[in-house]
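# next input, structure requested:
(one chain, ligands or ions: 1)
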Amino acid sequence: MQQPSEILPAANYVRIFDTTLRDGEQSPGATMNVEEKLAVARQLERLKVDVIEAGFAAASPGDFDSVRKVAGAVAEPLVLSLSRTREEDIDLALRAVEPAARPGIHIFIATSEIHLKYKLQMTREDVLEAVVRAITRARRHLDYIEFSCEDASRSAWDFLVTVCAEAVRAGARVVNLPDTTGHALPEEYGRMFSHMRARVEGAERVVWSAHCHNDLGCAVANSLAAIANGARQVECTINGIGERAGNTSLEEVVMALKTRADLTRVECGINTRQIYSASRLLAQIIGQPVPANKPVVGDNAFAHEAGIHQDGVLKHRLTYEIMKPEDIGVPSNRLVLGKHSGRHAFVNRLTELGIDPQAIDVERAFADFKALCDKKKAVYDDDLLALVNEEARRMPESYALVEATATSSMLGQPSARVTLRVDGEDRTVEVAGEGVVDACYRAILQAAGVAPTLERYTVKSITGGTDALGEVSCLVSERGMTVSGQGAHSDVVIASALALVNALNRLKLRERAPARRIAGGP
Ligand code: MN
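Residues are numbered from 1 along each chain as shown. Below is the predicted model:
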């Protein structure tokens, strides 16, 4: 159980609450399986986030299981499950976080008139009663309760004051005022925090929390405005993933706090050197590449193209650089390993890159690394990350790529011959297509006997040079389910084939998993 000093941290300490596994995972194509969630959770612990929202236990048996496994997998951060105010939700959330060293639950209900009238069909009195009942029930089992007024930024302030006061009285430790719809602007969002802190009875006994969405591009600015007005927790996600336009991006808000500590006068506990690995790990897992111009973690975030800028940076880097790439753990992309590197050096480097050797099949990864050294002169950090992620993607498989041969020509029609193992049986298909990748994809789908829609297909060269590893991400959907697939190989056609096969396996797993009954939240 937490000591009171942990519940009310130092006045200038801002807690980082990560909801990549809950709000983030709700964004299209970002669904993760249990192993992937565990990999993200372990990285969040290395980042030293204060709180991990692991999921919404009542959403489905799969979500319950994921929350429970994450709760058992990390030691330092608080692990929370989201919960509505209904009893069944609370009991499931309580059971899901049981294995956590530091468990907590996050109860929410909407407070805006539009949500009360059209979604909940509840009166203000009904809402107040539900809040008190839920928090009281949860507090009998657990000390750490966060309460959220969903759609707070569009709620009437007089009603918000009443709800928050009741939540504090019932025993909530944290009160969150989300901008669920991404509608607020910084000045008004900040003002809401000062108003609540001034008017809510017992306001000084709780931590006030901000949770913002980026629909108007203001999520980070709104979070900073909340902090300036007394919020001491921000809810955010890696790469800013989340419902619609996403949530507050963890890396952006953290670097804003660190870089402008002169102005914000607050601190947080994040180990910024793990930011880059966290960003790339998540991008690879969900198959959503980080945009090149994304602040802090994009490929161009530290690139100086203009001559005058380059000249300035060479003379004194602070002329145009406000942050140092090494502070967020951007790999220097130097040659780290080669043909003659041993298994020990390989494992060491993986550990330095934030990969837990116990979480992967090291022997297979090392064999893949040796094979890569034969094909490629220089093996960089990013190559290693891609290779290990390729290894981690090998899950219980319905489909496996046995062999693929593709022929491309300017004169004749491109074609591909693919052998796919489908539930243990090898099927070979040869077809022509618009290009080699198209032919390959037609052959794979024909062999698998499925016809999902290819929503997106992207190829990225991991490091420079024509011998670089190609990394392919694709997004496929079928009957309302969208999944992503990734593949990495020194041959882009094979990488493309691996990505599609990976996506088909995920689609199969999703079909077998019990459907999520509910999803949503503040
Ligand atoms: Mn949200």
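# farthest from the middle of the protein: give me that residue.
residue 411 (45.0 Å; Cα atoms, centre = their mean).
# now the strands for the stretch 401-522 of the chain?
415-422, 425-432, 453-461, 470-478, 481-489 (DSSP state E, counting those that start in this stretch).
# how far does the third one sit from the chain's center?
Average the C-alpha atoms of strand 453-461, do the same for its chain, and the two points are 20 Å apart (Cα atoms, centre = their mean, to the nearest Å).
# quick one: closest of the strands of the stretch 401-522 of the chain to residue 39.
strand 481-489 (13.5 Å; Cβ to Cβ). C-beta coordinates here come from the backbone N, C-alpha and C atoms, glycine included.
# how about low-confidence regions in the chain?
Scanning the chain for pLDDT under 70 picks out 1-7, 305, 331-336, 354, 377-378, 391-396, 464, 513-515, 517.
# pop the domain breakdown of it in here.
Domains of the chain are assigned by automatic domain parsing as 15-286, 331-393, 399-512.
# what about the shortest one, distance to the chain center?
The one in question is domain 331-393. Remark: domain 331-393 is offset 23 Å from the chain centroid, using Cα atoms, centre = their mean.
# the longest one too?
Here the centre of mass of C-alpha atoms in domain 15-286, compared against the chain's by Cα atoms, centre = their mean, lies 14 Å away.
# renumber starting at 11 from here on
Sounds good: first residue 11 from here, last item domain 25-296.
# for that domain, measure first residue to last.
End-to-end span of domain 25-296 (Cα to Cα, to the nearest Å): 26 Å.
# check the last one too.
Between the opening and closing residues of domain 409-522 lies a distance of 15 Å (Cα to Cα).
# same deal with stretch 497-506?
Terminal residues of stretch 497-506 lie 6 Å apart, using Cα to Cα.
# show me what contacts residue 461?
455, 488 (Cβ atoms under 8 Å, 6 or more residues apart in numbering).
# any idea how far residue 432 is from it?
The spacing between residue 461 and residue 432, counted by Cβ to Cβ, to the nearest Å, is 15 Å.
# follow-up on the earlier one: how close does the residue farthest from the centre of the chain sit to residue 130?
Computed as Cβ to Cβ, the residue 421 to residue 130 distance reads 65 Å.
# swap in residue 530?
Counting by Cβ to Cβ, the gap from residue 530 to residue 130 is 12 Å.
# now residue 254: how far from residue 520?
On the measure of Cβ to Cβ, residue 254 and residue 520 end up 21 Å apart.
# neighbour-wise, which of those two wins?
residue 520 (16 against 13; other Cβ atoms under 10 Å).
# so who does that one touch?
41, 491, 493.
# now do residue 416
424, 425, 426, 427, 446, 447, 449, 450, 503.
# how close does it get to residue 471?
Counting by Cβ to Cβ - residue 416 and residue 471 are separated by 19 Å.
# not counting sequence-adjacent ones, nearest residue to residue 297?
residue 494 (3.0 Å; Cβ to Cβ, 6 or more residues apart in numbering).
# returning to what we had before: indicate which one of the domains of the chain is closest to residue 318.
domain 25-296 (22.6 Å).
# before we move on, back to that, export the contacts of residue 520 to TSV and append columns for distance to residue 407 and neighbour count.
As requested, the contacts of residue 520 are exported to TSV (distance: Cβ to Cβ, whole Å; neighbours: other Cβ atoms under 10 Å):
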residue	distance to residue 407	neighbour count
41	18	21
491	18	16
493	14	25
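# which of the domains of the chain sits closest to residue 331?
domain 25-296 (10.7 Å).
# what is the neighbour count of residue 475?
Using other Cβ under 10 Å: residue 475 sits among 12 other residues.
# the nearest residue to residue 44 once chain neighbours are set aside sits in which helix or strand?
Spatial nearest neighbour of residue 44, excluding adjacent residues (Cβ to Cβ, 6+ apart): residue 76 at 5.1 Å. Using DSSP states H and E, residue 76 sits in helix 71-83.
# residue 172 versus residue 308, what's the distance?
Look at residue 308 and residue 172: by Cβ to Cβ, they are 44 Å apart.
# just residue 232 next, same as before
Between residue 232 and residue 172 the distance is 24 Å, computed by Cβ to Cβ.
# same deal with residue 261?
37 Å.
# so between those two, which is more surrounded?
A direct count of neighbours by other Cβ under 10 Å for residue 261 and residue 172 places residue 261 higher, at 28 against 19.
# for that one, helix, strand, or coil?
Under DSSP: H, G, I helix; E, B strand; the rest coil, residue 261 falls in the helix class.
# enumerate every residue touching it.
So residue 261 contacts 248, 249, 285, 288, 289, 305, 306, 307, 338 (Cβ under 8 Å, 6+ apart).
# tell me the buried residues in the helix ranked longest in the chain?
For the chain, the helix that runs over the most residues, judged by DSSP state H, is helix 502-522. Neighbour-count burial for helix 502-522 flags 502-520 (criterion: 16 or more other Cβ atoms under 10 Å).
# and if you look at stretch 374-393?
375-376, 378-379, 382-383, 386, 388-393.
# among those residues, which lie within helices?
Filtering the buried residues of stretch 374-393 for helices - DSSP H - leaves 375, 376, 378, 379, 382, 383, 391, 392, 393.
# quick one: the nearest residue to the third one once chain neighbours are set aside from residue 357, how far?
Nearest in space to residue 378, with sequence neighbours left out and distances taken as Cβ to Cβ, 6+ apart, is residue 397 at 5.4 Å. Computed as Cβ to Cβ, the residue 397 to residue 357 distance reads 13 Å.
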